[in-house]
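1. coords please:
(one chain, ligands or ions: 1)
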Amino acid sequence: MVEILAGVAVNGDTQPVMGTVPVKEEFIKIPEVASYPTGSLDFLFKLQKEEARRQKAMQTSRLINQDELSRVRLNIIIVGAGLGGLAAAIALARKGHKVTVIEQAPALAEVGAGIQIPSNSSRLLLKWGLKPFLDNKIVEPEDIKFRRWENGSVIGLTKLIPEFQENFDAPYYVVHRAHFHDALHQLALQLGVDVQINSKVVEYDAEAPSITTEHGQSFTGDLIICSDGVKSIGRPKVLGGVDQPARRTGFAAYRATVDVEQMRQHPELVDLLAKPGLNLWIGDLRHVMTYTIAGGRSFNMVLSHPDRTDPASWNQKSADEILSDMRSHFNGWDPRLTKIIDMIKTTLKWPLMSGSPLNGWVAPSQKLLIMGDAAHAMVPYMSEGAAMAVEDAAALAEAIDQAGTVKDLPEVLHVWETVRIKRTSEMQEASLINGKLWHFADGPFQRARDEAMRPEVEGKQFVTSPNQWSDPTTQRWCYGYDAEWEIKQAWNQRSSKSKMVNGDA
Ligand SMILES: Cc1cc2nc3c(=O)[nH]c(=O)nc-3n(C[C@H](O)[C@H](O)[C@H](O)COP(=O)(O)OP(=O)(O)OC[C@H]3O[C@@H](n4cnc5c(N)ncnc54)[C@H](O)[C@@H]3O)c2cc1C
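-> Below is the predicted model:
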């Protein structure tokens, strides 16, 4: 492990070893460059150039504050260039770590359509300098409207502007996944992160620590971060060889987009597009979450429904069969909604998975850890899955920042995993609970729920709400959470506890 990243030493200069007396004698110096024709030193010059480029990118980047660099600087390998892996790359590169991201895909891309970036995540992303990379692609919705399934009447309402900025010090955004992913990638590159694509990791050595790709390439670092998604192959490494994968929930989601211009041609839909907002139709075992993305040009839809069939059988259906299955789930729903569903030309269907809280995220070697969906897959009903990965990333960078020397690393990683396991397992639970709150069939529970949301729709005061975006306690816990502050707090508390145990207090 290195405390400060060394450049590549080409000459043989060495520091005197402790306890030995250097001989006062003129030793011959090993040349830095060869004056005869040779390519044998090229690999060293290549490494030197790469390191110089990275240092230059760090120094010239206005995105890095030299005062915020970590005392301990590590060589970090991240497996997976999804939203989580790239967020980790940015958070760590900002602190001066050398970061390499290894991605299996032959090209960087994100599948699916839109994604919500709630305030607990946007606060971190804006601090990292992501805004200019998102340009005019981001949408800031005014509110979230819960709508009754059969006629679209508003039954719940969360005001986002200006409330979320004012209360949680950060906006609530929605964006196309591809734009979000590309912005993270561009920012990572500007921070000097090395992203290697077409490199599927097939083997981990948690002790070295190192990874090997299917092409036989090996990468060794001080710390390996597995951000390889819900089907992680890194996860068993931290769980003592026995995996604890996320499980299906019996629900699946169709994801699709509809062209906003096409929607505008239908007068009854214009009202839904008048202001940027999220609209969520809820009904018996189903819901449809919608919002505009791509600067308002595309209408994003996630259609959740019960499905216990084998996902392997889904590809066997034709595109028309899939579309017709999708429509049949929402027969008899609000005519405006079904009109939009009829405009969907293609859709992708995803099984909705949820993990259970794991006992640990860090391997016994203390040199390999998991984060993102690999550690805490959740159903998307709080729209917080990627936001949790962004928090994991910020919290990890902050935890390593607390380390005075490399010897502190096991302890800071333990603090990090403890804080993050608590936060993300609560979010997994909150996400499942939204599935309960939203999916009542018409009847006494549905009526009581709608009645309990009425004050927020009528602009009256309320202290609790079944709408978790509005419920004041849930809101503060969810959107007011400061991932970096939580780590500092936990680290300081642990330091003062150990002082008390040692009688230093
Ligand atoms: C319908 C739906 C809606 C959602 N909406 C929201 C939302 O509004 N807001 C929100 O915050 N979250 C949302 N989420 C959750 C969010 O999409 C995920 O939590 C997030 O994308 C996970 O990111 P990740 O980087 O951890 O994993 P992934 O995105 O799965 O990335 C893993 C990466 O690792 C790579 N990889 C895997 N194995 C290897 C290997 N062996 N070698 C090299 N590379 C490898 C993969 O190719 C991939 O690029 C939603 C999810 C769904 C399904």
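2. Relative to the whole chain's centre, how far out is the helix ranked longest in the chain?
-> Among the segments of the chain that qualify as a helix by DSSP state H, the longest is helix 409-438. When distances are taken as C-alpha atoms, centre = their mean, to the nearest Å, helix 409-438 is centred 13 Å away from the chain's centroid.
3. report the angle between the axes of the next helix-or-strand element following that helix and helix 409-438?
-> Where DSSP states H and E defines the elements, the next helix or strand beyond helix 409-438 is helix 444-457. For helix 444-457 against helix 409-438, the angle by axes from the mean of the first three to the mean of the last three C-alpha atoms, to 10 degrees is 110 degrees.
4. tell me which strands and helices helix 444-457 is in contact with?
-> Applying 3 or more C-beta pairs under 8 Å, 6 or more residues apart in numbering; DSSP states H and E, we find helix 444-457 packed against strand 154-159. Glycine gets a C-beta too; all of them are placed from N, C-alpha and C.
5. on that earlier part again, looking only at the longest helix of the chain, what residues are buried by neighbour count?
-> Buried residues in helix 409-438, counted by 16 or more other C-beta atoms under 10 Å: 409, 411-417, 419-421, 423-425, 427-428, 430-431, 434-435, 437-438.
6. same question, stretch 288-304
-> 288-295, 298-304.
7. before we move on, the earlier item: spell out whether the longest helix of the chain and the ligand are in contact.
-> No: against the ligand, helix 409-438 shows no contacts by C-beta under 6 Å from any ligand atom, the least distance being 9.6 Å.
8. quick check: angle from that helix to strand 154-159?
-> Angle, helix 409-438 to strand 154-159, by the same axes, to 10 degrees: 150 degrees.
9. Show me what helix 409-438 is packed up against.
-> Using 3+ C-beta pairs under 8 Å, 6+ apart, helix 409-438 sits against strand 247-259, strand 348-354, helix 373-376, helix 385-402, helix 472-479, helix 483-501.
10. Please identify which of those is closest to the ligand.
-> helix 385-402 (2.5 Å; C-beta to the nearest ligand atom).
11. closest point of the stretch 201-350 of the chain to the ligand, which residue?
-> Per C-beta to the nearest ligand atom, Gly229 is where the stretch 201-350 of the chain lies closest to the ligand, at 2.7 Å.
12. wait, is that residue part of a helix?
-> No: counting by DSSP: H, G, I helix; E, B strand; the rest coil, Gly229 falls outside a helix, being coil.
13. ok so, going back, pick the most deeply packed of the helices and strands packed on helix 409-438.
-> Burial of those is given as mean neighbour count (mean count of other C-beta atoms under 10 Å); helix 373-376 ranks first at a mean of 29.
14. Outside of that one itself, list whatever touches it.
-> Helix 373-376 has contacts (C-beta atoms under 8 Å, 6 or more residues apart in numbering) with 80, 82, 84, 226-230, 232, 234-235, 246, 355, 357-358, 361, 385, 388-389, 392, 420, 424-425, 427-428.
15. quick one: the closest residue to Ala81 other than its chain neighbours and Phe219, what's the gap?
-> Leaving aside its sequence neighbours, Ala81 sits nearest to Glu103 (C-beta to C-beta, 6 or more residues apart in numbering; 3.7 Å). Per C-beta to C-beta, to the nearest Å, Glu103 is found 12 Å from Phe219.
16. list the buried ones in stretch 453-469?
-> Buried, per 16+ other C-beta under 10 Å, within stretch 453-469: 453, 455-457, 465-469.
17. between Glu103 and Phe219, which one's more packed in?
-> Glu103 (24 against 19; other C-beta atoms under 10 Å).
18. The more buried one is in contact with Val195, isn't it?
-> Yes: using C-beta atoms under 8 Å, Glu103 is in contact with Val195, at 6.7 Å.
19. which neighbours do these two share?
-> Shared contacts of Glu103 and Val195 (C-beta under 8 Å, 6+ apart): Ala81.
20. I'd guess Tyr36 is in a helix, am I close?
-> No: counting by three-state DSSP, Tyr36 is not found in a helix; it is coil.
21. Read off the pLDDT value for it.
-> Per-residue confidence for Tyr36 comes out at a pLDDT of 85.
22. same thing with Gln59?
-> Value listed for Gln59 in the pLDDT field: 63.
23. next one: Phe330
-> 98.
24. how much space between it and Ile344?
-> Distance, Phe330 to Ile344, using C-beta to C-beta: 11 Å.
25. check which helix or strand covers the residue nearest to Asp194 when sequence neighbours are not counted.
-> Of all residues not flanking Asp194 in the chain, Thr100 sits nearest, at 4.6 Å (C-beta to C-beta, 6+ apart). Thr100 is part of strand 98-102, with elements assigned from DSSP H and E.
26. Does that strand pack against any helices or strands, and if so which?
-> Checked by 3+ C-beta pairs under 8 Å, 6+ apart, strand 98-102 has strand 75-79, helix 83-93, strand 194-196 packed alongside it.
27. which stretches of the stretch 51-200 of the chain form helices?
-> 83-93, 119-128, 131-134, 163-168, 177-190 (DSSP state H, counting those that start in this stretch).
28. Dump these into a markdown table; add mean pLDDT and distance to Asp401 as well.
-> Output for these, formatted as a markdown table (pLDDT from 0 to 100; distance: least, C-beta to C-beta, whole Å):
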| stretch | mean pLDDT | distance to Asp401 |
| --- | --- | --- |
| helix 83-93 | 98 | 10 |
| helix 119-128 | 97 | 14 |
| helix 131-134 | 93 | 23 |
| helix 163-168 | 95 | 23 |
| helix 177-190 | 96 | 19 |
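29. Of these, flag the one that's most buried.
-> Using mean count of other C-beta under 10 Å, helix 83-93 ranks as the most buried of these, with a mean of 29.
30. any chance of the helices and strands packed on helix 409-438 in CSV, with mean pLDDT and distance to the ligand too?
-> As requested, the helices and strands packed on helix 409-438 are exported to CSV (pLDDT from 0 to 100; distance: least, C-beta to the nearest ligand atom, whole Å):
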stretch, mean pLDDT, distance to the ligand
strand 247-259, 96, 4
strand 348-354, 94, 5
helix 373-376, 98, 4
helix 385-402, 98, 3
helix 472-479, 97, 11
helix 483-501, 85, 13
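31. possible to save these as a markdown table with distance to Lys29?
-> Below are those laid out as a markdown table (distance: least, C-beta to C-beta, whole Å):
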| stretch | distance to Lys29 |
| --- | --- |
| strand 247-259 | 63 |
| strand 348-354 | 60 |
| helix 373-376 | 49 |
| helix 385-402 | 37 |
| helix 472-479 | 61 |
| helix 483-501 | 46 |
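32. Ok, which of those comes nearest Gly443?
-> Gly443 sits nearest to strand 247-259 of all the helices and strands packed on helix 409-438, at 20.2 Å, using C-beta to C-beta.
33. what's in contact with the helix or strand following that closest one?
-> Downstream of strand 247-259, the next assigned helix or strand under DSSP H and E is helix 260-264. For helix 260-264, the surrounding residues in contact (C-beta under 8 Å, 6+ apart) are 269-270, 272-273, 292, 296-299, 340, 343.
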